[in-house]
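J.: Fold the following for me, if possible:
(one chain, ligands or ions: 1)
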Amino acid sequence: MRRLRRDHFTSPMKPISVLFVCLGNICRSPLAEAAFRREAQGAGLDIAIDSAGTGDWHVGKPPDPRARAEAMRHGIDISSYRARQVNLQDFGRFSHILAADHQNLADLRAMAPPDGEAALSLLLDHVEGLEGQAVADPYFGEEDGFAETWQQVSLAAQALARKFGVQER
Ligand code: 4NP
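T.: This is a model prediction of the structure:
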């Protein structure tokens, strides 16, 4: 496993660590976490990875059954994941916090402590051609919405693994 260092414009010594954030931490961010865990492992990257929600409604619950089914369609069991809410320590613990949509990003910026080290960004800003776009929120839709969400978070996971892999060299 290669232990990664974060980019120089944030802090030279803190290892790269990534937190994926959505609203409930039961649909989009657990899928992003699962996709990125797979990519990071495949690339041999030793990165701390987690996900959280800006809201607290689902704290302690497993991912939405439709998200679990979507992950299983890709061979990943996320049934042991449990939702948690973002907290102030996350801004010091993680080098990168990636928001699923613009509201999540605004909420993160509003709560970030002045000395928070984490670099905040929109998840799809890391995907060429999808910059500025939100990950599709499938919660209030039909099951097929989760396939689109998976597609987007997978592209982001691949892009992030490439980016962090290149930084490490
Ligand atoms: P997530 O999806 O933020 O991707 O986990 C949602 C989960 C719950 C709610 C909305 C979106 N909700 O309104 O409870």
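J.: pLDDT of the helix or strand hosting residue 157, averaged?
T.: For residue 157, the host element (DSSP states H and E) is helix 145-168. Taken as a whole, helix 145-168 has a mean pLDDT of 94.
J.: Stretch 103-123 now?
T.: 96.
J.: What residues sit buried inside it?
T.: 104-105, 107-108, 112, 116, 118, 120, 122-123 (16 or more other Cβ atoms under 10 Å). For every residue, glycine as well, the C-beta is placed using N, CA and C.
J.: Out of those residues, the closest to the ligand would be?
T.: The ligand has its nearest neighbour among the buried residues of stretch 103-123 in residue 104, at 7.7 Å by Cβ to the nearest ligand atom.
J.: How about the secondary structure of the closest one?
T.: Three-state call for residue 104 (DSSP: H, G, I helix; E, B strand; the rest coil): helix.
J.: Cross-check the contact I'm expecting between it and residue 55.
T.: No. Residue 104 is beyond contact range of residue 55, at 9.6 Å (criterion: Cβ atoms under 8 Å).
J.: Of all the residues in this structure, which one is nearest the ligand?
T.: Closest point on the chain to the ligand, by Cβ to the nearest ligand atom, is residue 24, at 2.7 Å.
J.: hmm, back to that, for the helix holding residue 157, packing partners?
T.: helix 28-42, strand 45-46, helix 65-73 (3 or more Cβ pairs under 8 Å, 6 or more residues apart in numbering; DSSP states H and E).
J.: Who are the packing partners of the second one?
T.: Based on contacts counted as 3+ Cβ pairs under 8 Å, 6+ apart, the elements that strand 45-46 packs against are strand 2-3, helix 145-168.
J.: Now mean neighbour count and distance to residue 46 too, for these, in JSON lines please.
T.: Formatted as JSON lines, the helices and strands packed on strand 45-46 follow (neighbours: other Cβ atoms under 10 Å; distance: least, Cβ to Cβ, whole Å):
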{"stretch": "strand 2-3", "mean neighbour count": "12", "distance to residue 46": "5"}
{"stretch": "helix 145-168", "mean neighbour count": "19", "distance to residue 46": "9"}
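J.: Let me have those in JSON lines, extended by distance to residue 29.
T.: Below are the helices and strands packed on strand 45-46 laid out as JSON lines (distance: least, Cβ to Cβ, whole Å):
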{"stretch": "strand 2-3", "distance to residue 29": "24"}
{"stretch": "helix 145-168", "distance to residue 29": "9"}
